[in-house]
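**Student:** quick one, structure for this:
(one chain, ligands or ions: 1)
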Amino acid sequence: MKADLCEFFPRPDLLQADHLLCIQPHPDDLEIGAGATIARLSRAGLKVTWLTVTDGSAGTYDQSVSRSHLALNRRGETEKAAAILGVDALLWLDYPDGGNLPYEEIRSKITRTIRKFKPSAVLVCDPWLPYEAHSDHIRTGRAGAEAAFLSGMPYFCPENLEEGLEPYKINTVAFYFSAYPNTFIDASAYWDLKLAAIDCHASQFPAEKGKLLKEYLTARAREQAQNQNCSLAEAFKVLSPHHLHIFETAWKC
Ligand SMILES: [Zn+2]
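**Tutor:** Okay, the predicted model is just below:
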């Protein structure tokens, strides 16, 4: 008998979720990694909640821009982008951007958010992306994955049960920025919305940089759409929380 992990523990369908908690290390990551899919799901009636872990205040090469000014600017950019994509609620953890995230705290706050808002699916950046150098991405992705795996267990992060929250199990974890995608969502009808949402982040993507990024993303989406019966696709690694522990074949599931 072939040991296909997904035969034993089925892979959930992201499009069947009814409430999606989208987690990003910085303002702009969700638009780049999943903007068209978020627009598609919100227009299909899915509830979409965004959690941004850092304030984005280190996203500049220009020291004449203060951190507080940049953080405020990026919050405004995110609000505009989220409105374009149809996001229902924006939550901010407001940690300082720049690589010093306290892992256990972030994990507890993400777990608390899952227990409070009860999403059926969590969307987070893939922390196992080869060549990802930014530790905000690695820690946010790891914390999101661990929270998604363990939020149903009462002895995990008991500090947020003391506030009256109950353990809560989600059934779908989807990773954007994944090198091991297994799900390709038809993004063709929502691509313009994704690009418009990226354009909101003018502090990060001035004209030429923004143009190159959007051209690359579009070319990549065309590649991802091959064999999917669509013209542009966003790619995700979609797993059940069961897959997130001990299985050495989960990467190819
Ligand atoms: Zn980022």
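
**Student:** need the residues of the stretch 1-150 of the chain near the ion, please.
**Tutor:** Counting by Cβ under 5 Å from the ion, the residues of the stretch 1-150 of the chain close to the ion are P25, H26, D29. To be clear about C-beta, it is placed using only N, CA and C from the backbone, and glycine gets the same treatment.

**Student:** tell me if the second one really is in a strand.
**Tutor:** No - in this structure, H26 is coil, not part of a strand, as judged by DSSP: H, G, I helix; E, B strand; the rest coil.

**Student:** separation between it and S178?
**Tutor:** In this view, H26 and S178 are 17 Å apart by Cβ to Cβ, to the nearest Å.

**Student:** cool, and S68?
**Tutor:** For S68, the distance to S178 equals 33 Å [Cβ to Cβ].

**Student:** so which of those two has more stuff around it?
**Tutor:** More crowded of S68 and S178, by other Cβ atoms under 10 Å: S178, with 21 against 10.

**Student:** residue of the protein nearest the ion, please.
**Tutor:** Closest residue of the chain to the ion, Cβ to the ion: H26 (3.5 Å).

**Student:** so who does that residue touch?
**Tutor:** T52, V53, T54, G56, G59, R74, D97, D136 (Cβ atoms under 8 Å, 6 or more residues apart in numbering).

**Student:** can we see that at 10 Å?
**Tutor:** Contacts for H26 (Cβ atoms under 10 Å, 6 or more residues apart in numbering) come out as 32, 52-59, 74, 78, 97-98, 125, 134, 136-137, 140, 201, 204.

**Student:** now for the closest residue to E79 other than its chain neighbours, how many residues are close by?
**Tutor:** Nearest non-adjacent residue to E79, counting by Cβ to Cβ, 6 or more residues apart in numbering: L90, 6.7 Å away. By other Cβ under 10 Å, 16 other residues sit near L90.

**Student:** could you do A179 as well?
**Tutor:** 14.

**Student:** for D199, same thing?
**Tutor:** 16.

**Student:** which regions of the stretch 51-200 of the chain sit below the pLDDT cut-off?
**Tutor:** Scanning the stretch 51-200 of the chain for pLDDT under 70 picks out nothing.

**Student:** nearest residue to I38 other than its sequence neighbours?
**Tutor:** L85 (4.8 Å).

**Student:** give the contact list for that neighbour.
**Tutor:** 22, 30-31, 34-43, 48, 50, 190, 193-194, 196-197, 200.

**Student:** phi first, then psi, for it.
**Tutor:** Here is the backbone geometry of L85 (degrees, to the nearest 10): phi -80, psi -10.

**Student:** pairing partners for the strand or helix carrying the residue nearest to E79, with directions?
**Tutor:** Secondary structure from DSSP states H and E places L90 in strand 89-95. Partners of strand 89-95 in the sheet, by DSSP bridges, are strand 47-54 (parallel).

**Student:** distance from the chain centre to the strand it pairs with, please.
**Tutor:** The chain centre lies 8 Å from the centre of strand 47-54; the measure is Cα atoms, centre = their mean, to the nearest Å.
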